[in-house]
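In: quick one: sequence and predicted model below, then my questions.
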Amino acid sequence: MRVTAHLPDKLAKEIKALAADEGVSVSRFIARCLEHYITENRKKKHAKNKGLTGIVQSRMISDAGGEIRTLTGTKPTGF
């Protein structure tokens, strides 16, 4: 796929220099950078969602413990 992007001159020069240092085309260098960014962004979202899942599960367990106390008048074990 062909994409046109307008970059600040300073950034474009840095990209060209880094691509040359790595011995790849500017196009390939930018593709690698974007692949890396997307992968890292997915990891962060996954970690964030995993953390939220833990919070929700913790709250559900706490709520369940409260309901057991209310229904039975006793404190459940393991909560």
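Out: Nice, I can see it. Keep in mind that what you see is a predicted model, and the values were worked out from it rather than measured.

In: where does His6 land in three-state SS?
Out: coil (DSSP: H, G, I helix; E, B strand; the rest coil).

In: now it. Its backbone dihedrals?
Out: Dihedral pair for His6: phi -100, psi 120, per degrees, to the nearest 10.

In: can you check Thr4 too?
Out: Main-chain dihedrals, Thr4, degrees, to the nearest 10: phi -110, psi 130.

In: mind telling me what element Ser27 is part of?
Out: Using DSSP states H and E, the element containing Ser27 is helix 26-72.

In: dump the C-alpha coordinates for the helix or strand where Leu11 lies into CSV.
Out: Applying DSSP H and E as the criterion places Leu11 in helix 9-22. Extracted C-alpha coordinates of helix 9-22, given in CSV (Å, rounded to 0.1, in the frame of the first residue of the first chain):
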residue,chain,number,x,y,z
ASP,A,9,12.2,18.4,7.6
LYS,A,10,14.2,17.7,10.7
LEU,A,11,12.3,14.4,11.3
ALA,A,12,12.6,13.4,7.6
LYS,A,13,16.4,14.0,7.7
GLU,A,14,16.7,11.9,10.8
ILE,A,15,14.6,9.1,9.3
LYS,A,16,16.8,9.1,6.2
ALA,A,17,20.0,8.9,8.2
LEU,A,18,18.7,6.1,10.5
ALA,A,19,17.5,4.1,7.5
ALA,A,20,20.9,4.5,5.8
ASP,A,21,22.7,3.4,9.0
GLU,A,22,20.5,0.3,9.1
